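[1] Have a look; sequence and predicted model below, questions after that.
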Amino acid sequence: MEIQSIEESFGVVGKSYHKGLIVFGLLLGFFVFGWGGYYLGTHHLVSQSQTSSEKTTIAVVSPMIDQEDSDSLCGIDKVRLSKPTIYGDKQYFIYTRNSMNVVFPSGNKNYLESGMFVIQNDETANCRKLIEVFDESAAKNNIYEMYSSDNSLYVMAVDQFGAGSGEGNAKILKSDDDGATWEVKYCFYYSPEEKLTIKDIISDAHSKVKLLSLDNPYCRDFILGLEGGNLK
């Protein structure tokens with residue numbers, strides 16, 4: 001009887017021990033795998049949050065203003081601008097309008113004026129309009145060229161009342177006060193084939209071209225805009 005009792009006792013103990021191992025194993029497995037799952041899940045959420053944050057940051061550092069400004073300079077669409085004429089630390093930009101002589105890409109805006117502005121020391125925030133040419137008729141004047149000499153500024157504006165592409169009635173305007181006021185100095189029929197510049201005209205105007213009277217309506221078929229100088 002004692003032997004059987006002892007065996008039964010060991011059997012109970014063994015069963016208890018076996019159950020303990022099972023419970024311990026379950027707890028250990030839950031702890032290991034549960035903690036691992038929690039860690040992996042948390043890490044995934046953190047990574048996802050960082051990715052979202054990075055995407056938001058990229059969107060913020062790409063402002064629309066920069067993209068819009070890339071198509072213009074000093075508020076003028078770049079499609080209208082000539083290459084700058086440089087004198088010292090100043091860059092003079094001419095901008096044009098739509099006309100029979102100046103054709104813009106299809107679908108572009110219908111611009112109403114031509115003009116010129118200046119930038120000093122590459123500081124685009126300090127650009128200044130010097131002249132702005134509108135029309136009283138269908139002349140659609142465009143500034144073709146500018147020139148500077150002896151502290152005077154000159155521009156040549158040409159209307160579209162010509163016999164061919166680029167031809168028209170030209171007006172050379174002069175300013176002695178850095179664009180504050182302008183006066184018409186010369187007026188003549190302009191043809192690109194003659195390749196005459198402002199410098200050619202003002203240096204020997206009478207021998208180069210047939211000048212028109214300044215009272216001729218074609219010599220006054222424009223008005224100056226609100227920005228830029230006044231007409232004397």
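    In hand now; what should we look at? Numbering: from 1, shown residues only.
[2] Every contact and neighbour count from this point should use C-alpha atoms.
    Will do.
[3] Pop the domain breakdown of the protein in here.
    Following automatic domain parsing, the chain resolves into domains at 1-62, 68-231.
[4] of all these, which gets the most neighbours per residue?
    domain 68-231 (a mean of 17; mean count of other CA atoms under 10 Å).
[5] got the residue ranges for the helices in this protein?
    With DSSP state H as the criterion, the chain has helices at 2-60, 64-69, 198-208.
[6] Going by mean pLDDT, which of the domains of the chain comes out lowest?
    Lowest mean pLDDT of those: domain 1-62, a mean of 42.
[7] quick one: the nearest residue to residue 94 once chain neighbours are set aside and residue 133, what's the gap?
    Leaving aside its chain neighbours, residue 94 sits nearest to residue 116 (4.4 Å; criterion: CA to CA, 6 or more residues apart in numbering). Using CA to CA, to the nearest Å, residue 116 is found at 9 Å from residue 133.
[8] What of residue 71?
    Distance of residue 71 to residue 133, given as CA to CA: 22 Å.
[9] Residue 112 now?
    Residue 112 is 9 Å from residue 133, by CA to CA.
[10] Tell me how far the residue lying closest to residue 223 once chain neighbours are set aside lies from residue 82.
    Spatially, and ignoring its direct neighbours in sequence, residue 223 is nearest to residue 134 (5.2 Å; CA to CA, 6+ apart). From residue 134 over to residue 82 the distance is 18 Å, taken as CA to CA.
[11] Report the contact partners of the closest residue to residue 232 other than its chain neighbours.
    Counting by CA to CA, 6+ apart, residue 183 is the residue found nearest to residue 232 once chain neighbours are left out, at 5.2 Å. With contact set as CA atoms under 8 Å, 6 or more residues apart in numbering, residue 183 has these partners: 173-175, 231-232.
[12] these two touch, right, residue 117 and residue 130?
    Yes. The pair residue 117 and residue 130 qualifies as a contact (CA atoms under 8 Å) at a distance of 5.2 Å.
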